[in-house]
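Asks: Got a sequence here, can you model it:
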Amino acid sequence: MNPYVLMILLSSLGLGTTLTFASSHWLLAWMGLEINTLAIVPLMAQHHHPRAVEATTKYFLTQATAAAMIMFASTTNAWISGEWDMTNMSSPIATTMLIAALALKIGLAPMHYWMPEVLQGLDLLTGLILSTWQKLAPLAIIIQIAPAIDPLLLMALGLTSTLVGGWGGLNQTQLRKILAYSSIAHMGWMIIILQYAPQLTLLALGTYIFMTSAAFLTLKLSSTTKINTLAMTWSNSPMLATTTTLVLLSLGGLPPLTGFMPKWLILQELTKQDLPLTATAMALAALLSLYFYLRLCYAMTLTISPNTPNSTAPWRTQTTQASLPLSISTTIALGLLPMTPAILMLTN
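Replies: Below is the predicted model:
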């Protein structure tokens, strides 16, 4: 892609998200979401592969549906309340429709069906943008309207997403689909605590972004898209295989890695709110996710020479990918747990 076109598209992505962050008017927030969607569509279809075009079409139709629902719900709320202010949600019907549309935008279950299919057809770097940056603007709107949303609805969305994200990834062999289900599960953790401690939602989002960035950048560096190709990682780069294994375990939420921090704090907060059954269900759903992360770790570190490899060796060409973003995201994804008290002081 032409560098100037790429710069315009990435700038538009930033502009759309910033516009949604900064707005308290529904029309401006909707406009930011639309700029965001229209900027990423050419990035998704840039390889002109049939799978990429199919994924782009699915994504565009899904986002267009969600945008139409947001416009309809905000118009309904303005018609009832007489205001376009995002914090003044006086209509329960409009609020429910809005949370459904925003759940469709970020891939919360049961509106998650597009996410694995779309991510599977994309390049790994575009998939990284879709899994991280594209979540920011809809989540900002959800956080703003959270006081008006029924707590039971948020709890149902969070629990369903965590269970579906864990259960759906068990039977997958494609790494992009596994990361899509991982994204769905992590969104569930963020949504379920939103009503009680929004700062923990932001903390979970931040750690998720760094862990997912490390995972995607590693897979891009090793040109890996399937589980059986992971078996060659140790032969090519033992250090990369070791750090990737730790990043995957961090995504699963194992101590003493960074991924344990948000899960630990969210379970603690749910227990403080007299929701022990919900906390138990979330912890058990996390075990489902941990199982398929452990499958990836097994394929990467234990299926090595002199065993018969599960796939032919990829060409050992020199990569042009910058290693600094990968090293920074990997370091943060592995080593922030001792900083938990300081991070809690900053968030509070």
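Asks: from here on, contacts and neighbour counts on C-alpha atoms
Replies: Noted.
Asks: what does the host helix or strand of Met7 contact?
Replies: Assessed by DSSP states H and E, Met7 sits inside helix 3-22. Helix 3-22 has contacts (C-alpha atoms under 8 Å, 6 or more residues apart in numbering) with 28-37, 39-40, 43, 136-137, 140-141.
Asks: Low-confidence ranges, the chain, go.
Replies: Within the chain, the stretches with pLDDT under 70 are 304-320.
Asks: any idea how it splits into domains?
Replies: If you go by automatic domain parsing, the domain ranges for the chain are 1-149, 150-307+323-348.
Asks: Make a markdown table from those and add mean neighbour count to it.
Replies: As requested, the domains of the chain are exported to a markdown table (neighbours: other C-alpha atoms under 10 Å):
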| stretch | mean neighbour count |
| --- | --- |
| domain 1-149 | 19 |
| domain 150-307+323-348 | 20 |
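Asks: top helix in the protein by residue count?
Replies: helix 50-81 (DSSP state H).
Asks: Which neighbouring elements make contact with that one?
Replies: Other helices and strands packing on helix 50-81, by 3 or more C-alpha pairs under 8 Å, 6 or more residues apart in numbering; DSSP states H and E, are helix 26-44, helix 92-106, helix 114-120.
Asks: Dump these to a markdown table, plus distance to Lys263.
Replies: Putting the helices and strands packed on helix 50-81 into a markdown table (distance: least, C-alpha to C-alpha, whole Å) gives the following:
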| stretch | distance to Lys263 |
| --- | --- |
| helix 26-44 | 29 |
| helix 92-106 | 20 |
| helix 114-120 | 23 |
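Asks: Quick one: closest of those helices to Trp84.
Replies: For these, the distance to Trp84 is smallest for helix 26-44, at 5.7 Å, taking C-alpha to C-alpha.
Asks: I would like the residues contacting the closest one, please.
Replies: By C-alpha under 8 Å, 6+ apart, helix 26-44 touches 6, 9-10, 12-21, 23, 52-53, 55-56, 60, 63, 67, 70-71, 74, 84-86, 122-123, 126, 134, 137-138, 141.
Asks: Mind checking the helices and strands packed on helix 50-81 for the one nearest to Leu170?
Replies: Here helix 114-120 is closest among the helices and strands packed on helix 50-81 (C-alpha to C-alpha), at 13.1 Å.
Asks: after the closest one, next one along is what?
Replies: The element immediately downstream of helix 114-120 (helix or strand, assigned by DSSP H and E) is helix 124-131.
Asks: contacting residues for Ile70?
Replies: Ile70 neighbours (C-alpha under 8 Å, 6+ apart): Trp30, Met97, Leu98, Ala101, Leu102.
Asks: which among the residues you listed gets closest to Leu249?
Replies: Closest approach between the contacts of Ile70 and Leu249, by C-alpha to C-alpha: Leu102, at 29.1 Å.
Asks: Isn't that closest one up against Pro138?
Replies: Yes: using C-alpha atoms under 8 Å, Leu102 is in contact with Pro138, at 5.8 Å.
Asks: Now Ser237: phi and psi?
Replies: With angles defined as degrees, to the nearest 10, Ser237 sits at phi -150, psi 100.
Asks: same question, Lys226
Replies: Per degrees, to the nearest 10, the backbone of Lys226 is at phi -130, psi 160.
Asks: likewise the one 10 residues further on?
Replies: Asn236 has phi and psi values of phi -80, psi -50 when expressed as degrees, to the nearest 10.
Asks: Would you mind measuring from it to Leu10?
Replies: Distance of Asn236 to Leu10, given as C-alpha to C-alpha, to the nearest Å: 33 Å.
Asks: Ala286 now?
Replies: 34 Å.
Asks: now do Gln195
Replies: Taking C-alpha to C-alpha, one finds Gln195 at 32 Å from Leu10.
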